[in-house]
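>>> let me see the structure of the following:
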Amino acid sequence: MIIVSDSGPLAYLFEIGIVNSLPIIYGEVYVPPVVLAELLDNHCPAANWASHPPEWLTIAQPQSIPAGLLLDEGERDAIALAIELGADLLLIDERKGRAAAKSHSLRVAGTLAVILDGAQRGLFDGLTALDKLESTNFYASAELLQAVRDKLAQP
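Residues are numbered from 1 along each chain as shown. Model prediction:
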């Protein structure tokens, strides 16, 4: 499986200590250079991690950008790269970016889906990961967070 990630999910997954589960859950993980640059920002908790990216993370520049993608550079390039690679999944949290990706027939998931998928595989405790995520500046509606918590609590 090939996935492309925007910076948001990678930063949050690093912050809660489960980023290294990505290749185990999904296989090949790609980011465009601009996403890596966003992670290198001094205010990003993943800056040190991004300065020495793991071997499983492939950095690839998209060759062209679809017209009309009025998003930030990271989201735009992640969508473009996912299209070019024929990615199975795009990790992206922002609502506008998700809508744009879906309009290009991309399958999207976010940070919460990674927690669900990894917990389902027994890679980490999903409720602990969700608790850690809720202690960051991650935003999701109370209803969505409760729905994820309920799914994680099911045997």
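>>> how about the helices in this protein?
Ranges of helices in the chain, per DSSP state H, are 7-15, 22-26, 33-39, 47-51, 73-85, 95-103, 111-120, 126-134, 142-153.
>>> dump those helices to CSV, plus mean pLDDT and mean neighbour count.
Bear in mind the C-beta positions are built from the backbone N, C-alpha and C, glycine included. What follows is these, written out as CSV (pLDDT from 0 to 100; neighbours: other CB atoms under 10 Å):
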stretch, mean pLDDT, mean neighbour count
helix 7-15, 96, 24
helix 22-26, 97, 18
helix 33-39, 95, 20
helix 47-51, 93, 16
helix 73-85, 95, 23
helix 95-103, 94, 16
helix 111-120, 97, 21
helix 126-134, 97, 18
helix 142-153, 95, 13
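>>> nearest spatial neighbour of G17, skipping sequence neighbours?
Once flanking residues are discounted, G17 sits nearest to K132: 7.0 Å by CB to CB, 6 or more residues apart in numbering.
>>> ah, wrong one, I meant V29
Nearest one to V29, counting by CB to CB, 6+ apart, is L22 at 5.0 Å.
>>> repeat for I79
Nearest residue to I79, sequence neighbours excluded (CB to CB, 6+ apart): A101, at 5.1 Å.
>>> for that neighbour, what are its contacts?
I79, A82, L90, I92, V108 (CB atoms under 8 Å, 6 or more residues apart in numbering).
>>> give me that answer again for 7 Å
I79, L90, I92, V108 (CB atoms under 7 Å, 6 or more residues apart in numbering).
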